[in-house]
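> Okay, structure incoming, though there's no sequence with it:
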DNA sequence: GCGGAACCGTACCGTACGGTACATAAGCTT
DNA sequence: AAGCTTATGTACCGTACGGTACGGTTCCGC
């Protein structure tokens, strides 16, 4: 059950391109109709209004990204650590992708309207799947005794903070990607090493 | 040397109110003129154009916040840890302030124009002073042997990540403040405890 | 082959906003 | 008191955009 027809997907893809290239101001209904060779009337028929179009762009983009489910095979400690590094690298990669940045900018710029509907969509379709994948991974590690924590959410958020720092906001603000995106692998490995220092085997809960 | 006259400050204060209340769309030149009892012509005379007004709002807001310089007195380890906790609490408080959120949303929403001029302003006047205060504090602690690191920037960014996680982006996206802003003190203390676990006395550099 | 649905392209409308011009008033200097 | 500066308030202009209407075309089912 695809929520959109192929034609609509093509239009949404085009809309994402426009958004990435020129920001929100470049994404006008007339401009999209011209770029996608469709009529404005079709846009309104398919997506309701402009806000519906923006929401559709988010869900469409989310539908493109598949988060690999964790294979439940029993990993060695080394497998587990490597999986965490891969997750960290993926996370950095996703957050620094230009489509992701453009959509986050869009949702943040509209956070004052409709009770932040776009922001909620982005959290639900973008961040939540990532978080759940990571939490499943963390709990797998805990079951094998590789890491120790009581609050999975807290452990996940610590992991997130160690990996991303404030690199995401800096990129959203338009900082040239001299920081996070480069040296991605190094950052990922360092963050995981720090995470093991905090939650690794033998570590006690703080407090 | 005040960059703006008192009258202009009052107008900028009013502009910030409008921005906080209704987001960027609520901040129109006509609306500001009406709310601040001034004329549009004065706005353009003072700030050049709308972008100049936005930039002025950022520098004005930054001028209101004074970052306390670190007192150079020799602290005990406990003083030092307490200072870090205070810093963490302050950081959370600043980031979750509604004016800060509104300005960050504004700058992020405009990150595609003018080479992200507003974003650069926000980094320079908002984040940089905070970072420098924290780095001075960290190096003070290092001089007294309370913490151990080689790269101050890296230590600072780790501290930032431990304190903020992705709470900033979530708030920017409009998430109700059920997360970071509350339990601020607990979060700050936990983050500092984790920071000491990573960089505290006796810890070795990772890698 | 025929009718209808879907769609394209374009033209159109209303409005909201950035920016400018101007006429008028309030304060300051001489 | 005259003149200059500064500011207010309003009216105005151009434009850009969201949304709608409509004629023409393609395509599919019957």
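Sure thing, it's come through. Quick caveat, the model's predicted, so the values are computed rather than measured.

> what does chain A put close to DNA strand D?
By the criterion of Cβ under 7 Å from any atom of the strand, the positions of chain A lying close to DNA strand D are A:25, A:27-31, A:39-41, A:44, A:49-51. (Each C-beta comes from the backbone N, C-alpha and C, glycine too.)

> Cross-check those residues against DNA strand C and keep the overlap.
Restricting the residues of chain A next to DNA strand D to contacts with DNA strand C (Cβ under 7 Å from any atom of the strand) yields A:39-41.

> Residue A:67 against residue A:127, yeah?
No - counting by Cβ atoms under 8 Å, residue A:67 sits too far from residue A:127 to count as a contact (11.1 Å).

> was I right about residue A:140 contacting residue A:75?
Yes - under the criterion of Cβ under 8 Å, residue A:140 makes contact with residue A:75 at 7.2 Å.

> one step back: quick one: which of the residues of chain A next to DNA strand D is most hemmed in?
For these, neighbours were counted using other Cβ atoms under 10 Å in any protein chain shown, and residue A:27 has the most, 23 neighbours in all.

> Now do the contacts for that one.
Under the criterion of Cβ atoms under 8 Å, 6 or more residues apart in numbering or on different chains, the neighbours of residue A:27 are A:15, A:18-19.

> quick one: it from residue A:115, how far?
Counting by Cβ to Cβ, to the nearest Å, the separation of residue A:27 from residue A:115 is 22 Å.

> can you check residue A:201 too?
Residue A:201 sits at a distance of 44 Å from residue A:115 (criterion: Cβ to Cβ).

> go on, residue A:183?
With distances defined as Cβ to Cβ, the gap from residue A:183 to residue A:115 amounts to 38 Å.

> quick one: residue A:73 is in a strand?
No - counting by DSSP: H, G, I helix; E, B strand; the rest coil, residue A:73 falls outside a strand, being coil.

> in which helix or strand would I find residue A:51?
Using DSSP states H and E, residue A:51 falls within helix A:50-64.

> now check the longest helix belonging to chain A, is it near chain B?
Ranked by residue count and defined by DSSP state H, the top helix of chain A is helix A:77-96. No - using Cβ under 8 Å from any Cβ of the partner chain, we find that helix A:77-96 stays clear of chain B, coming within 9.1 Å at best.

> got any ranges where chain A has weak pLDDT?
Within chain A, the set of residues satisfying pLDDT under 70 comprises A:1-2, A:70, A:179-182, A:202-207.

> Alongside DNA strand C, which residues does it contribute?
Proximity of chain A to DNA strand C, by Cβ under 7 Å from any atom of the strand, involves residues A:5, A:7, A:33, A:37-42, A:45-46.

> So among those, which ones count as buried?
For these, a burial check counting by 16 or more other Cβ atoms under 10 Å in any protein chain shown picks out A:33, A:38, A:46.

> List the residues that contact residue A:199.
Contacts of residue A:199 (Cβ under 8 Å, 6+ apart): A:147-149, A:155, A:158.

> I'd like these written out as CSV, with secondary structure, neighbour count and distance to chain B added.
Output for those, formatted as CSV (DSSP: H, G, I helix; E, B strand; the rest coil; neighbours: other Cβ atoms under 10 Å in any protein chain shown; distance: Cβ to the nearest Cβ, whole Å):
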residue, secondary structure, neighbour count, distance to chain B
A:147, strand, 25, 14
A:148, coil, 16, 13
A:149, coil, 18, 12
A:155, helix, 22, 11
A:158, helix, 23, 7
